[in-house]
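>>> Here's my sequence, what's the structure:
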Amino acid sequence: MKPTSAGPWTLARGVRWGLLVAAGAGAILLVMGRTPICQCGYVKLWHGIAMSSENSQHLSDWYTPSHIIHGFVFYGLLWLAARRWPIGLRIVAAVVIESAWEIFENTDLIINRYREQTIALDYYGDSVLNSLADIGAMMAGFVAARHLAVWMILALIIVMEAGVAFAIRDNLTLNIIMLVWPLDAIRAWQSGG
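Prediction:
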C-alpha cells in the first residue's frame with residue numbers, strides 16, 4: 001500500500017500546526033504555575049496602563065507591538081536562513097521560537113531580571129492568556145510580513161517603536177538593551193528623570 005502524503009506545508013497548514021505549538025506552550029506555562037488570566041478575575045481586550053499589576057495580563061497592551069515586530073523579524077530571518085522551506089514550515093518554526101521565549105520570559109530568572117534592571121518593578125510575569133495573545137500577535141506580524149513590502153515593514157517598525165516609546169517610555173529596543181546591558185541613562189529617562 002502506497003503511503004499517502006499529508007499535503008504541502010501551506011501557510012494555512014502551518015498556522016494550524018502553530019496553534020497546536022502555542023497550545024503546548026500554554027500547557028507548559030500552566031504547569032509552571034502561571035495564572036490562566038489576570039488575577040483581577042476578568043479579561044480585557046486592551047490594558048493601557050504599563051505601570052500596573054494588570055500589565056501583561058490581558059489580551060493586548062503596550063507590548064503587543066513588540067510581538068508583531070517579532071513576527072516581522074522572524075519572517076525576515078527565516079526567509080534568509082531557510083528560504084527553501086515552505087512558508088507553512090517557516091511559520092511553525094517562528095511559533096516554536098516565540099513560544100520558547102514566552103516560556104523563558106516567565107521563568108524566575110527573567111522575571112527577576114526585568115524587575116531589577118527595567119522599570120517593570122511590579123512585573124510578576126505574564127498570564128497564560130497574555131502569552132498566547134503575544135504568540136498570536138507574532139503570527140499576525142509574520143503573515144503580514146509575507147504580504148508587505150520591506151519599506152512598509154521598516155516604516156511600521158519605526159512607527160510602533162516610536163509610538164510605544166512616546167506613550168510609555170519603553171519598547172522592544174529599550175527592553176532588549178535593559179535586559180542585556182542595562183544603562184542608567186535609559187533607566188532614569190524611563191522613570192521620568
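>>> Going by C-alpha atoms from here, please, whenever you check contacts or count neighbours.
OK.
>>> what packs against the helix or strand hosting Met138?
For Met138, the enclosing helix or strand under DSSP states H and E is helix 128-147. The contact analysis (3 or more CA pairs under 8 Å, 6 or more residues apart in numbering; DSSP states H and E) places helix 128-147 against helix 11-31, helix 64-81, helix 87-105.
>>> So what touches the second one?
Meaning helix 64-81. Under the contact criterion CA atoms under 8 Å, 6 or more residues apart in numbering, helix 64-81 has outside partners 90-91, 94, 98, 134-135, 137-146, 153, 157, 160-161, 171-172.
>>> same check, this time on the last one
Counting contacts by CA under 8 Å, 6+ apart, the residues outside helix 87-105 that touch it are 9-15, 17-18, 21-22, 25, 28-29, 70-71, 74-75, 78, 82, 110-111, 125, 131, 135, 138-139, 142.
>>> Restrict these to the buried ones and give me that as a ChimeraX selection.
Here is the ChimeraX selection string for the buried members of the contacts of helix 87-105, based on 16 or more other CA atoms under 10 Å:
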select :9,11,13,14,15,17,18,21,22,25,29,70,71,74,75,78,111,125,131,135,138,139,142
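>>> what angle sits between the lowest-mean-pLDDT helix or strand in the chain and helix 87-105?
The helix or strand of the chain with the poorest confidence is helix 108-117; it has a mean of 83 (mean pLDDT, DSSP states H and E). Put simply, helix 108-117 runs at 70 degrees to helix 87-105, going by axes from the mean of the first three to the mean of the last three CA atoms, to 10 degrees.
>>> which parts of helix 108-117 are buried?
For helix 108-117, a neighbour-count test (16+ other CA under 10 Å) marks 111-115, 117 as buried.
>>> Now do the same for the residue nearest the centre of the chain: its pLDDT.
Closest to where the C-alpha atoms of the chain average out (CA atoms, centre = their mean) is His67, at 3.3 Å. The model reports His67 with a pLDDT of 98.
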